[in-house]
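Student: Quick one: sequence and predicted model below, then my questions.
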Amino acid sequence: MRFHFLIAVCSLSILSSQTTDPNKSGFPHDMIWFNEPKNPQPGVVHKGYHSAAMDKEVGYNIYLPPGYDAGSQRYPVVYWLHGRNNTESSDSYPVQYLADGIAGGKLPPTILVYASGGSQTNYCDSYDGKYMAETTVIKELIPHIDKNYRTIASRDGRALQGMSMGGFGAMRLALKYPDLFTSVVAFAGGYRRPEELDVNPHPSYAEMFHSDKEIFRENHPETWARRNVAKIRGRLAIQIYVGNQDPGLAGNRHMHALLDELKIPHGYQEFDGIAHNLKLLAANVKTENFEIAARSFAKHGR
């Protein structure tokens, strides 16, 4: 008995000593859309807006470049989409890479917005209208940012990026709305195939897609790549990053092959020895994702 008690105490001690992101929220909890950061990144401020689509407050974090408050210049915006079980205040691409790139003259002054997409939505609208992640990002957050900040309020000044579920979301939204964005960068996108719902269902897919493969297929990036190929090809810069130890590697390779099949120009890079880890991916990519966005801003802003 005493032996089992000691094991339990030791196990609790180990669990409590593990560092966890204080901003993570996950299913089956009701998705929390307004999450103030416990440990904010330097220069990043948390704000919010009212979502008419869901009748609730939705948060976002925003970084404004040096000189923003002193002038009248308009700036391009990179929108970052977080991954599953995360919020606008966790799973964030380190702003320091952008800040250092701007300070060193490598990158143009740029606004960075960390969106809130609900912890389990895949940045889609749920079949029953309860969770409206796509609607709130496309029809509420972006207009709110354009109204309240000095942005370049057109596709010439917008880029979309994300990790994991956010990589899936960034890819599908950019492919679905190529008239809104000049570039998309997807880190380790969670490109689960519709057929996998039969084999390995996740509770969130019941919440979002009624466990219906065809509803999920309609929302899949592959569907929108095929449907909008003429609008995408040559107009939208696309980059995929993934570690070669990532459990979702096959899905990323499939997305890469699909874009090749459709003759949609894009970049694809695998990193040796990296699993599903944003910190390690970012340490390799550094400012390259922002450079991709900046080149597209310059190209389309002429």
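Tutor: Thanks, I have the structure now.
Student: hey, where'd the strands end up in the stretch 151-300 of the chain?
Tutor: All strands of the stretch 151-300 of the chain, identified by DSSP state E, counting those that start in this stretch, fall at 158-163, 183-187, 237-243, 267-271.
Student: how about those in TSV, adding mean pLDDT, mean neighbour count and distance to residue 54?
Tutor: C-beta here means a position set from N, CA and C on the backbone, and glycine is covered the same way. Listed next are the strands of the stretch 151-300 of the chain as TSV, based on pLDDT from 0 to 100; neighbours: other Cβ atoms under 10 Å; distance: least, Cβ to Cβ, whole Å:
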stretch	mean pLDDT	mean neighbour count	distance to residue 54
strand 158-163	98	29	20
strand 183-187	98	28	25
strand 237-243	98	23	30
strand 267-271	98	16	35
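Student: For residue 135, which of the ones you listed is the nearest?
Tutor: Of all the strands of the stretch 151-300 of the chain, it is strand 158-163 that lies closest to residue 135, at 15.5 Å by Cβ to Cβ.
Student: Now do that closest one: which elements does it pack against?
Tutor: Judged by 3 or more Cβ pairs under 8 Å, 6 or more residues apart in numbering; DSSP states H and E, strand 158-163 is in contact with strand 77-81, helix 165-176, strand 183-187, helix 288-300.
Student: residues making contact with the first one?
Tutor: To tie it back to what came earlier, the one meant is strand 77-81. Residues from elsewhere that reach strand 77-81 (Cβ atoms under 8 Å, 6 or more residues apart in numbering): 92-93, 98, 110-115, 117, 123, 137, 141-142, 145, 149, 151-152, 157-163, 165-167, 169-170, 173, 290, 293.
Student: List the strands paired with it, with their directions.
Tutor: strand 111-115 (parallel), strand 158-163 (parallel) (DSSP bridges).
Student: centre of the chain versus the shortest one, how much separation?
Tutor: The reference is to strand 111-115. How far strand 111-115 lies from its chain's middle: 10 Å, per Cα atoms, centre = their mean, to the nearest Å.
Student: repeat for the last one
Tutor: Between the centre of strand 158-163 and the centre of its chain there are 6 Å (Cα atoms, centre = their mean).
Student: Residues in contact with it: which ones?
Tutor: Contact with strand 158-163 is made by 76-83, 91, 93, 123, 142, 152, 168-170, 173-174, 180-189, 278, 281, 289, 292-293, 296-297, as judged by Cβ under 8 Å, 6+ apart.
Student: measure residue 220 to residue 189 for me?
Tutor: 11 Å (Cβ to Cβ, to the nearest Å).
Student: who has more neighbours, those two?
Tutor: Neighbour count, other Cβ atoms under 10 Å: between residue 220 and residue 189, residue 189 has more, with 27 against 22.
Student: Which residue, other than its chain neighbours, is closest to that one?
Tutor: Leaving aside its sequence neighbours, residue 189 sits nearest to residue 167 (Cβ to Cβ, 6 or more residues apart in numbering; 3.1 Å).
Student: Please apply the same query to residue 245.
Tutor: residue 275 (4.3 Å).
Student: Pretty sure the one you found sits against residue 242.
Tutor: No. Look at residue 275 against residue 242 with Cβ atoms under 8 Å: they stay out of range, at 9.9 Å.
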